[in-house]
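Enquirer: Dropping a prediction and its sequence here:
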Amino acid sequence: MESRNEKRIRVIVAKPGLDGHDRGAKVIARALRDAGMEVIYTGLRQTPEQIANAALQEDADVIGLSILSGAHTTIVPKLMSLLKEQHMEDILVVLGGIVPDADVPQMKALGVAGVFQPGSSLESIVEFIRTHVRQKV
């Protein structure tokens, strides 16, 4: 449990692209909420621009992307570019979903802090975010 003066971690959970399967994103959102984080779920079919804007508006510490469609090689570079343009590089970006092993180095080179593929435990995702988030003071 957090102390009264400790800021809760604010997480945007987003489903970018045309993929309409969001059960996994909702499970992750619930796990993060149960772990004491403040979670904003943006819903389906979000553009990188909508996600960056939501992160700005919500003063997010973390953006969690759930991509099952294979569009991560298009969406992630655009989002990371937008975050840089808007001076929001301090936001921790994590990616979950169907990401081939061969694409993981590319995602990390773009600035994605963690990639969680099928089978990742909810506990490992929560712990990763807690230990890697760069909270604003």
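Expert: Happy to help now that I have it.
Enquirer: Identify the bridge partners of the residue nearest to the spatial centre of the chain.
Expert: Nearest to the geometric centre of the chain sits Gly64, at 1.2 Å (Cα atoms, centre = their mean). Beta-bridge partners for Gly64, by DSSP bridges, are Val13, Val94.
Enquirer: and what of Gly114?
Expert: Per DSSP bridges, the residues bridged to Gly114 are Val94.
Enquirer: Please tell me how far it sits from Leu44.
Expert: 23 Å (Cβ to Cβ, to the nearest Å). Placement of C-beta: from N, CA and C, glycine included.
Enquirer: Compare these two (neighbour count), which wins?
Expert: Gly114 (19 against 15; other Cβ atoms under 10 Å).
Enquirer: hang on, the more buried one packs against Val104?
Expert: No. Using Cβ atoms under 8 Å, Gly114 is not in contact with Val104, being 9.8 Å away.
Enquirer: what sits up against stretch 18-34?
Expert: With Cβ atoms under 8 Å, 6 or more residues apart in numbering as the test, stretch 18-34 has contacts from 11, 13-15, 39, 41, 43-45, 64, 66-69, 71, 96-97, 122, 125-126, 129.
Enquirer: 7 Å instead?
Expert: By Cβ atoms under 7 Å, 6 or more residues apart in numbering, the list of residues contacting stretch 18-34 from outside reads 11, 13, 15, 39, 41, 44-45, 64, 66-69, 96, 122, 125-126.
Enquirer: Kindly report the same for stretch 103-119.
Expert: By Cβ under 7 Å, 6+ apart, stretch 103-119 touches 72-73, 76-77, 80, 92-96, 99, 125, 128, 132.
Enquirer: Which of the residues you listed fall within helices?
Expert: His72, Thr73, Val76, Pro77, Met80, Ile125, Phe128, His132 (DSSP state H).
Enquirer: So among the residues you listed, which ones count as buried?
Expert: Among the ones in helices among the contacts of stretch 103-119, those classed as buried by 16 or more other Cβ atoms under 10 Å are His72, Val76, Met80, Ile125, Phe128.
Enquirer: now the helices for this structure?
Expert: Applying DSSP H to the chain gives helices spanning 23-34, 48-57, 72-85, 104-110, 122-132.
Enquirer: closest to Glu6 out of those?
Expert: For the helices of the chain, the distance to Glu6 is smallest for helix 122-132, at 11.7 Å, taking Cβ to Cβ.
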